[in-house]
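> The following block contains a protein sequence and its predicted model.
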Amino acid sequence: MITIDEAFAKFRHRQELTDREQADVSRRHAEVRAVVAEEVHVARDFLSGSYARWTKTRPLKDVDIFCVLDDDEQPYRSKPARAILDRVQEVLAPKYGEERVRVDGMAVTVDFGVAVGEDDETDDKVMSIDVVPAFPSGSHYEIPDESRGIWLKTDPEVHAQLAVDAHESYQREWKPLVRMLKKWNRQQGRPVVPSFLIEVMALQLLVPPFSGGYPYELKSFFASAADRIHEAWKDPAGLGPDVNGQQTRAQRDAAEAALREAESIATQAILLARKGRNGDALRTWRGLFGPHFPLS
């Protein structure tokens with residue numbers, strides 16, 4: 001039977017992208033970019049979001065392509081936010097099918113119809129890609145928010161640099177811990193929404209230096225996050241609205257309850273390991289994280 005430290009090391013590795021996954025997502029996003037560029041004038045595009053920040057958990061879903069539009073598309077800036085999203089959807093639908101392409105908040109999602117197996121794997125295939133149209137706004141960007149009907153200021157490059165800085169100051173363990181926390185959130189039915197909120201909270205709550213022990217760092221995060229989930233969490237780039245600004249009171253209450261339960265379960269797992277009940281401890285951790293957490 002493996003030790004707790006060995007199990008977490010293997011779990012950490014299982015949240016890293018495989019070569020086949022990276023090859024598949026590279027092929028897919030290159031194809032999507034090419035389809036968009038055939039009909040929409042794109043000045044430049046780049047990968048953004050948690051995939052680009054290396055905080056994306058597996059299996060891969062909603063990989064973001066950030067498309068900075070050319071001046072030729074500027075008339076869309078004076079239209080409702082939904083208009084440019086509808087345009088991108090119209091461009092992608094003939095290639096991928098009407099039923100596979102939809103407007104989703106600030107992006108157009110292309111769903112590749114990849115199923116998730118009981119082992120939480122997708123045969124190393126990306127499930128979906130999000131296309132985020134954007135216009136330059138000074139040194140930053142504005143993107144359409146269909147749900148609010150407005151244009152939002154943002155800067156994924158600032159978000160990426162903050163993640164790099166946090167990772168380096170945390171002995172290069174910040175991103176693995178964030179991936180574990182996002183894995184917990186997905187496994188438990190996403191009580192914390194949006195998932196970016198976990199990353200934003202981790203910028204403050206994972207305080208360097210790294211202690212060297214994943215169980216204790218996770219337990220501490222769950223406790224601190226539960227205490228502070230009702231606070232307003234600002235856009236770390238200082239540009240957009242609060243990251244949790246659209247959460248209802250009921251959603252925050254549910255997130256707090258899930259975080260407190262996670263802290264309790266983590267405490268139980270730690271105590272089981274101290275008592276020498278290694279197998280029970282491993283199974284308890286697996287209950288939090290799902291089948292990617294190893295038992296042997």
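Alright, I've got the coordinates.
> Mind jotting down where the helices sit in the chain?
Applying DSSP state H to the chain gives helices spanning 4-14, 19-39, 49-53, 81-96, 156-169, 174-187, 196-205, 214-228, 249-274, 278-289.
> Which neighbouring elements make contact with the fifth one?
For helix 156-169, the helices and strands in contact under the criterion 3 or more Cβ pairs under 8 Å, 6 or more residues apart in numbering; DSSP states H and E are strand 42-48, helix 49-53, helix 174-187, helix 196-205. Quick note: C-beta positions are derived from backbone N, CA and C, even for glycine.
> before we move on, what about the fourth one?
Judged by 3+ Cβ pairs under 8 Å, 6+ apart, the packing partners of helix 81-96 are helix 19-39, strand 101-104, strand 107-111, strand 128-137, strand 140-145.
> and among the helices and strands packed on helix 156-169, the most buried is which?
helix 174-187 (a mean of 23; mean count of other Cβ atoms under 10 Å).
> which regions of the stretch 51-200 of the chain lie under the pLDDT threshold?
Applying pLDDT under 70 to the stretch 51-200 of the chain picks out no residues at all.
> mind checking which of the helices and strands packed on helix 81-96 is nearest Tyr170?
helix 19-39 (23.9 Å; Cβ to Cβ).
> what residues does that closest one touch?
17, 42, 45, 47, 51, 58, 60, 63, 65, 67, 88, 91-92, 95, 110, 112, 124-126, 129, 131 (Cβ atoms under 8 Å, 6 or more residues apart in numbering).
> Can you get me a residue count around Arg102?
16 (other Cβ atoms under 10 Å).
> Would you work out how far apart the start and end of stretch 200-218 are?
This stretch, stretch 200-218, spans 15 Å end to end (Cα to Cα, to the nearest Å).
> and that stretch, how far from the chain's centre?
18 Å (Cα atoms, centre = their mean, to the nearest Å).
> What of stretch 265-273?
How far stretch 265-273 lies from its chain's middle: 27 Å, per Cα atoms, centre = their mean.
> Stretch 12-20 now?
That offset, for stretch 12-20, works out to 15 Å (Cα atoms, centre = their mean).
> I'd say Leu69 and Val132 touch.
No. In this structure, Leu69 is not within contact of Val132 by Cβ atoms under 8 Å, at 10.7 Å.
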